[in-house]
Structures are given as structure tokens and as C-alpha cells.
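A.B. asks: This is a predicted model, with the sequence first.
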2 protein chains.
Amino acid sequence: MEETWVNSAERIGADLHLELPRTGSRRAALAHALREAVRDGRLAPGLLLPPYRSLAADLGLARNTVAGAYAELVAEGWLTAQQGSGTRVAGRARPRGAARPAGRAPEAGQRPVHNLRQGQPDAATFPRGAWIAATRRAVDRAPNEAFGPGDPRGRPELRQALADYLARARGLRTDPERIVVCSGVAHGLRLLLGGAVLRGPLAVEAYGLPFHRSLLDAAHVRTVPLEVDEQGARTTELHDCRAALLTPAHQFPTGVALHPGRRAAAVDWARSTGGVILEDDYDGEFRYDRRPVGALQGLDPERVGYLGSVSKGLSPALRLGWMVLPEHLVDPVLAAKGEREAWVGVIDQLTLADFIETGAYDRHIRRMRQHYRDRRDRLVATLAEHAPHITVTGLSAGLHAVLRLPDGTEAETLAAAARQGVALDGLAAFRHPSAAGAAAGAAVPPAADGLVIGYATPPEHAYGAALEALCRVLPGAAKADW
Amino acid sequence: MEETWVNSAERIGADLHLELPRTGSRRAALAHALREAVRDGRLAPGLLLPPYRSLAADLGLARNTVAGAYAELVAEGWLTAQQGSGTRVAGRARPRGAARPAGRAPEAGQRPVHNLRQGQPDAATFPRGAWIAATRRAVDRAPNEAFGPGDPRGRPELRQALADYLARARGLRTDPERIVVCSGVAHGLRLLLGGAVLRGPLAVEAYGLPFHRSLLDAAHVRTVPLEVDEQGARTTELHDCRAALLTPAHQFPTGVALHPGRRAAAVDWARSTGGVILEDDYDGEFRYDRRPVGALQGLDPERVGYLGSVSKGLSPALRLGWMVLPEHLVDPVLAAKGEREAWVGVIDQLTLADFIETGAYDRHIRRMRQHYRDRRDRLVATLAEHAPHITVTGLSAGLHAVLRLPDGTEAETLAAAARQGVALDGLAAFRHPSAAGAAAGAAVPPAADGLVIGYATPPEHAYGAALEALCRVLPGAAKADW
């Protein structure tokens, strides 16, 4: 079969692409090519085909030949023709591949009914109207060069807006030249690793995100766990390390704020050894009962690199984050990022800049703070009523809490939760594999049993049922209450 | 100085963050803290401060104390106060870091006046209105879960729209399950490398993007150059390779379309050896005089992985691309991407899906095709008039052309261009470092001298001047004409 290619796009508004043999019946060949195109899904159900005349001109065929081929396929059910609305691909024609089951959806029986996994804001709260309004303003106002290749530092509008916002709301000391936009905290860590500015041994908190530890492992950076007690991570024990990854505002996942003495110890260590502190401020804007805890970065911008994102405040689906870097780290990170912005879309960047500058971000955060405070209060009240023997910690901030379980009951509780369709994580999932040794006074002793409850995750209408389901699976809860 | 933290956000709409010592004059301490916050840039020029009453309540101070501190700073020029509009940070107050020169902007004397670098569409043509309209529809219609953690394959709406579009416009055979969204072709290559599905020796075209070769080098994948002649890359010489990266529709940068015999040879090789072909379809939608060249992927979807993006058709600033993968490569690539979408923003994905489905993408591409065809015709006409001794090739498609130069003149021409403020690339920059050996009948002989001209890059008003400047730097051009 000789290849020829047909383009009728200039006339009909949709590119159409057919192969015809050079010999044999023209009508049969065209009908065959169209049939194959529908069968393969190249012509989608509902698509309007070109008028006879156009396709005939493009293919060098007689108009009647095209009309005949169309009629043949209408008769076979591949196409439909209606007076005045042209010839279309039939609605029921399905491409060959379409019947294939969706690849990665969980099995029906395994799909969790209640999602209490930490790490997600309530997806129903995304401020659609305000975001679209900001997009309209930002895109209207953007200079043309914004749609050309991007600066790897990120848009200047966004870096300026972030510098102002982070100074005001989180106590950072910065200017736009030290800010590098990224797609999230994990991307920021990757860039720091790619810039070869993170070397081991690197201290991480004994409890933390396994995902971050995996990134460091994959880059062959050895991590050393710091135990976490009621004053936060023991930054008094950093002596043998060259860098540290901390969550000072709200230790993840235990929820402790780093004590002022520990904050000072971390900065003193970094100054005296030339070490680098990375501050993951993953949910710093959400605090309820206590005064806000400012960023550690404000104590020493030359020793602390700050990482943040919109993933908790707006949505993890935006893929938009930032780093505020000590001056000596800016160039290595930009070198790792490459000559042009390869990751973060410009329209989201411009939109977030407008969203911050117009106060829409502050308004949204304030609304969410109230929303999540209410969620937290419902969690506490429900547990007090139905599982009063369970201690809850990490309540004063963030989007999650830790439920302490009786020793040795975490695994069975997780199994019960899975059977009840409740998705949640046990504390053990966050513990550094080589953290060991019981510490006196530890807020979360090594190998403590517990659950990490993301109370922001379920949609509002499902939250009450999720809490009920949670109480049903807790060890020793009064199950008859429900 | 004892740390305390102040939050007046619930009342005034902007989080404010101050440190006050516990002892001494309250008014002097507050004035000092505010002054430092303005000086450091934590309070930006123009920012509205909280009313006396609110800040006083938050800080546990008398209202007169706050009023006195504000008055002191107004007197010093740090703040401004106007009847009825409250107290604001003064406009001329500049943060300490703001005077630092912008890090990476080119020196004034080095900034090119005319940009004829290949690879960029005309940034002024971005369809702002249509894109915003699509964003509004897409965000309004999106299910809540779209704003939760994303599927690493990409949004189903976008994968369906791409499957339909690519089948219709580029002759692909696919279904949404084989499509993986990425931030661009380079990200796609990184994911294939991360999934360990690209092994060397990997054939690349003797002329190609150095950036792609660097990615492969960094992953320790050995690349082998295939010479390029008037039938495209010599895919008849793939025998010792395990994979090949090709630009079949429009060889980059020479502009040749891969001959049907060479297309068949590539697929035959892949079938008989189990090799993988990667098809970089970087500008397949833009062709002018010739019939469209369908994607190689249509010949064998199980042996050809297809990579595309919106970077040429819409904007490189969107960071939005796609892979259409052989079934056996889908899982390794998804494993490399991770459990959740970490890169591509959901709103751009949903917007592009709408943009394609509503026909806005076809309309835009058609308009751009005409725009760039006009650009190309002006390039050809200008050269015919002012530099008739220069041969132009690669004209029938794409956003760039190759100007052949007399032997040994490329380096001096590039130097002249730099002096004249014309940014462009020589052909040598794209040549594989180990490509060697003159080949009879080569369209671009090894070490051929030439320029790659991106005729889409300049804004419309600057294009004429850019062409004039180009002619002035060409060797042997009649310079007196200008």
C-alpha cells in the first residue's frame, strides 16, 4: 500500500488523515480507509466529516466517489448522515482500544470508602471563581515575553509577590533574587540534590515523609535520624552532619513546634560548621490555638533554605512551589534547573502572583483555617465521646493529628481500617528505618503505636461518616455506640 | 530578645508578623519592630497596616500605644496615613535586598537586538482570550477530585482529547491508556531514562538538539550518530543499536522529511531486534507546501514511542507535553513518574483538553500555519533579493530554515552576527560530536557550514529589521543594499 496523506484542514476545521492505495476502485479504497480510521479511533465518535466536495478536491477524486463511500459507511453504521448537519462518525463506534480496562484504578473491592490519609486539603474548597478571575487579570496583563521561554528562577511577578507575602505572613527575610520557583517541595529537593549542594550525612527527623527519604537515598545521600520529643527534633545532636531537613513550624507528622532553644541550636550548628538547614514549611499557614510560629529562615537567611508550596493552602494539583535560598545556593540550583524553565507553567505562576497581590490568597487561607479548625474540633469531640481512651496529639496546627494507640495495636488497627474501607496511615510508616533506642521524654517514643489522621481530606458531606468509621476501628472503642 | 509572634490576620485581611521584647517601653518596641519589618522588606510598600484597635488587641497593648508607634513611623517617613484610608507602608520604602542587581540578565551591551534563534513560536500570538475562555469552562466543569492529588498518567479529559486529536491530525493509533502527560519532550525523555527503558547504544540523528544528547549522556546512555541525507536519517544503519531517537516528520534542524523507505527500514529494524524508536514530533503540525507527513507511530504503535508538546503550537511557557507509548513502556514510565502527578498542573491540562475539544486548537494551529508561512515567504524573498548566493533549505515545514554558507565561513558569520546583535545558531552547534566521515549524497555534509534561522521567534514589528540585520551579516551579501 503506497502511502499518501490527505489534509483537508484548511477548509473544514479538522485535520483528517487517510491512506489510499494508488490502484483499484477509488470508492472501495476510500471506504476501507475511512472504516479503518473509525475502527482505530483516529476518527472519534461524533466527528463531522468534510463535505464531499472538499474531500474529493483534496484526494483528487470525483465527488460521486466520495459520496458513494460515505453512503456505504452510513449503510454499515460507521457514519450517520442527517439533512443539513452533514456526515458524522457514528456515536456508538468505539475505538479498538477503548474496551481495555483502565490500568491502575484500584480493584472495586479495595477502593476505600473513607479517606483519612494525611497530606491533602479538602479538594472541594478550591476557590474556582477567584482563581479564574485572577487568571483572567494575569493573562490579560502579562507581557508577550511571558509566553516565550521562561526564566528558570520563575516569573518576576511571582517572586516579588512571594517575597512580600512570605516576609509578612511567615517572617522570612528575603528578596525576589533568592527565590526559585519549582513544582513542589520534592522538586525543590531534587534540584538541591542535582546542584550537588546537599551532602550527607544529612539529618532528618526520626518521623517524616518516606518520599523525601527515598529521594535522598536515590541520590546516595546518607540520612541520619534525629529523635523527636516534646520540644521537636533534637537539633542539639547535629554535630556529625553536613545538612539537616527539618519541619520547624509543625513537625511532620507528630505536630510539635520546634522549641526556641532547639531553633537556636540548629542555627548555631549551621553557622559554626557551615552546614545547611532545609526548612520544609509544608503547612505553616494553618495554626489554630497557638500563636503562629515564624519560619526558621528568618533567624539566618544565609544558613537556612526554605521550601514551600500551594499544595496544602490551595491544591496539590497545581504543582507550584518555591524555594528561598541562601545566596550561595542560588546559582547551583539554577544550574541544576537548566537554562530555561522546563517545569512550572507560566499561567499558574502569573495567576498565583495576582492571587497573592490582590489579597485573595490571604482570604482563602483565612477561610480554610476556620474550615479546618472546625474539622479538627469535630474530630476531637467525636473521639472524646466514642473513644475517650485514645489520646490525640498535634492538634494546634496543620491538617492532620496523631492518635496514640495502645502498644502493639497499630498493625491490627490498620488491618481493621482496611476491612472497613478506611484509608489512613500508621505512625510506623513515617519512622526512619534506622531510628532506634527509646528516649526519655520523647513525645513519640521509638516504635510508638499510632495513627496519622488527615482530617482535611474527606469532602464535607463524607466527614461525619469517616469519623464514625474511624471510631469503629479503634482498639477498645465502644463499638456498640454506633 | 524574646520571640513572640503576632497574628492580626483574622481581622485585617493580611497576616502580620512582628517580634516584640517582653520588657521596656511598649511604644518604642513596637515602633522598632515595625521599622525593622519595613526595612527588611517584610512589610512591602503600599501595604495597609491593621487598625490601631486590632493590632492593640492582638499584641495585648493599649490602643494609644499602637497609635503612638504608628505616628512615630509616619513622622519618620516609614509609613503614610491618610484620612479615611488607614495607615500604609510608604511607597518609597525599599527593602534592603531590592537594590541588588538582577542575577542573570545579560549585560546591557550583550543583549541581542534581533532574535532569530530556532525553537520558539512568536510569543505575541498566544491566544489569550480563547485560552482564558477554555480555562473558565474547564475549571467550572471539573470534578472536585481534579483538585486533589493527580494521576501520574495525566487527567483523563486531556488523554481522551489528545487521543482523538493525534489520531485525526497526526495519524497516530492510540487510546488514552497509552498516553502519559509530561512537562515537555525533555521531561518525557527523562522519564523514559528513569524507567530504564532506554538503553544504549542509542541512535540519534547526526544533527539534533544538543540538549537531548546531554540528557542521554548524563544517564550514561551512549549515543551513535546516524548521518542525514536528502532522504532523512539513514535508518538503514541501525543494526548495532537498541533504540533510536528520530524526528521523522521534519528532521531537526535540516528540515528533511524521512523517506517512506527509511520509515519502513526503521520499523523493520525495531520489529526484528526488539528495538524502541522514539519519535520527537516537535513541529509536526506546521507544514506549508507539501502534504502532511503522518507520525511514524501509526506504522507500529508497539515499537514507536511518540513525544509531543504545545511548545511550538501554543507556547513553551505552558510546560505541557505528552507521550504515546507502546504498551510495554507504560508501566515503567509511570513508575519513574511516581505515585502522584508531581509536575504538570491540572488547570493547564483541563484547559488544553477543552481547547482541543472545542476546536480552538485546530483554529489556532491553522492561523499560525498561515502566519509562519508568511514569515517563511518573507525570509525567502528577502534572501532572494539581498543574498541570492545563499541557498535556503528545510523550507517546506516547521518554524526554522537552514541557510547554507560557503565552506569555512560559519564561525566568522556567527561572530559578525554577535557584533550586530543578531542571535542565531550555526549548524555546527547541532552536530553530534562523534559524527564524521563525508557521505556521498548527504543533504548536509559533515561539518557543513550553515545557519539555523528561527523565523517564528521575533515579534511581528521586529521581523523586517531582523531579516535586514541577518542579510548584513551573511558572507558576501551586498551590504550596500541596506
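C.D. replies: Here it is on my side, so go on. Numbers count the residues shown, from 1 in each chain, chains lettered A, B, ... in the order given.

A.B. asks: Hmm, A:Arg136 is touching B:Ala134, no?
C.D. replies: No. Applying Cβ atoms under 8 Å, one finds A:Arg136 not in contact with B:Ala134, separated by 11.9 Å. Bear in mind the C-beta positions are built from the backbone N, C-alpha and C, glycine included.

A.B. asks: the more surrounded of these two?
C.D. replies: Neighbours per residue (other Cβ atoms under 10 Å in any protein chain shown) separate A:Arg136 from B:Ala134, with B:Ala134 holding more: 22 against 18.

A.B. asks: Would you agree that one is in contact with B:Ile356?
C.D. replies: No. With contacts counted by Cβ under 8 Å, B:Ala134 stays clear of B:Ile356, the gap being 9.2 Å.

A.B. asks: anything in contact with each of the two?
C.D. replies: Listed contacts common to B:Ala134 and B:Ile356 are nil; contacts here mean Cβ atoms under 8 Å, 6 or more residues apart in numbering or on different chains.

A.B. asks: Any chance of the backbone angles for the spatially most central residue of chain A?
C.D. replies: For chain A, the residue nearest the mean C-alpha position is A:Pro316 (3.1 Å; Cα atoms, centre = their mean). Backbone geometry at A:Pro316, expressed as degrees, to the nearest 10, gives phi -70, psi -10.

A.B. asks: Identify the residue nearest it in space, chain neighbours excluded?
C.D. replies: Once flanking residues are discounted, A:Pro316 sits nearest to B:Pro149: 5.2 Å by Cβ to Cβ, 6 or more residues apart in numbering or on different chains.

A.B. asks: ok, that neighbour - contacts?
C.D. replies: Listed by Cβ under 8 Å, 6+ apart, the contact set of B:Pro149 reads A:Gly119, A:Gln120, A:Pro316, A:Ala317, B:Arg340, B:Glu341.

A.B. asks: which among the residues you listed gets closest to B:Val38?
C.D. replies: A:Pro316 (34.4 Å; Cβ to Cβ).

A.B. asks: Model confidence for that closest one, exactly?
C.D. replies: Confidence at A:Pro316, expressed as pLDDT, is 97.

A.B. asks: OK, contacts around it?
C.D. replies: Neighbouring residues of A:Pro316 by Cβ under 8 Å, 6+ apart: A:Gly119, A:Gln120, A:Pro121, A:Gly184, B:Gly148, B:Pro149, B:Gly150, B:Arg340.

A.B. asks: can we see that at 10 Å?
C.D. replies: Contacts for A:Pro316 (Cβ atoms under 10 Å, 6 or more residues apart in numbering or on different chains) come out as A:119-121, A:123, A:184, A:309-310, B:147-150, B:340-342, B:346.

A.B. asks: Closest one of the residues you listed to A:Leu350?
C.D. replies: Of all the contacts of A:Pro316, A:Leu350 sits closest to A:Val310, with 13.8 Å by Cβ to Cβ.

A.B. asks: residue ranges with poor pLDDT in chain A?
C.D. replies: Judged by pLDDT under 70, chain A has its weakly predicted residues at A:1-17, A:19, A:21-23, A:41, A:75-76, A:83-84, A:92-111, A:436-447, A:477-482.

A.B. asks: the helices in it, which residues?
C.D. replies: A:9-12, A:26-39, A:52-59, A:63-76, A:128-141, A:156-170, A:185-194, A:210-218, A:260-273, A:327-337, A:346-357, A:360-386, A:410-419, A:460-473 (DSSP state H).

A.B. asks: ranking the ones you listed by burial, who's on top?
C.D. replies: For the helices of chain A, the largest average neighbour count (mean count of other Cβ atoms under 10 Å in any protein chain shown) is found in helix A:346-357, namely a mean of 25.

A.B. asks: now the angle from that helix to helix A:128-141?
C.D. replies: Orientation check (axes from the mean of the first three to the mean of the last three Cα atoms, to 10 degrees): helix A:346-357 against helix A:128-141 gives 110 degrees.

A.B. asks: tell me what helix A:346-357 is packed against?
C.D. replies: The helices and strands touching helix A:346-357, judged by 3 or more Cβ pairs under 10 Å, 6 or more residues apart in numbering or on different chains; DSSP states H and E, are helix A:128-141, helix A:156-170, strand A:179-182, helix A:360-386, helix B:128-141, helix B:346-357.

A.B. asks: ok, back up a step: who wins for most neighbours among the contacts of A:Pro316?
C.D. replies: Counting neighbours by other Cβ under 10 Å, B:Val346 comes out on top of these with 28 neighbours.

A.B. asks: For that one, give its distance to B:Arg340.
C.D. replies: Distance of B:Val346 to B:Arg340, given as Cβ to Cβ, to the nearest Å: 11 Å.

A.B. asks: anything in contact with each of these two?
C.D. replies: Shared contacts of B:Val346 and B:Arg340, defined by Cβ under 10 Å, 6+ apart, comprise A:Pro316, A:Ala317, A:Arg319, B:Gly148, B:Pro149, B:Gly150, B:Asp151.

A.B. asks: ok, how many other residues are close to the last one?
C.D. replies: Right, B:Asp151. Counted with other Cβ under 10 Å, B:Asp151 comes out at 24.

A.B. asks: tell me the contacts of the residue nearest to it when sequence neighbours are not counted?
C.D. replies: Spatial nearest neighbour of B:Asp151, excluding adjacent residues (Cβ to Cβ, 6+ apart): B:Glu341 at 6.3 Å. Contacts for B:Glu341 (Cβ under 10 Å, 6+ apart) come out as A:183, A:316-317, A:319, B:149-155, B:181, B:349.

A.B. asks: and what of A:Glu145?
C.D. replies: A:Glu145 makes contacts with A:Asp151, B:Ala123, B:Ala124, B:Ala317, B:Pro459, as judged by Cβ under 10 Å, 6+ apart.
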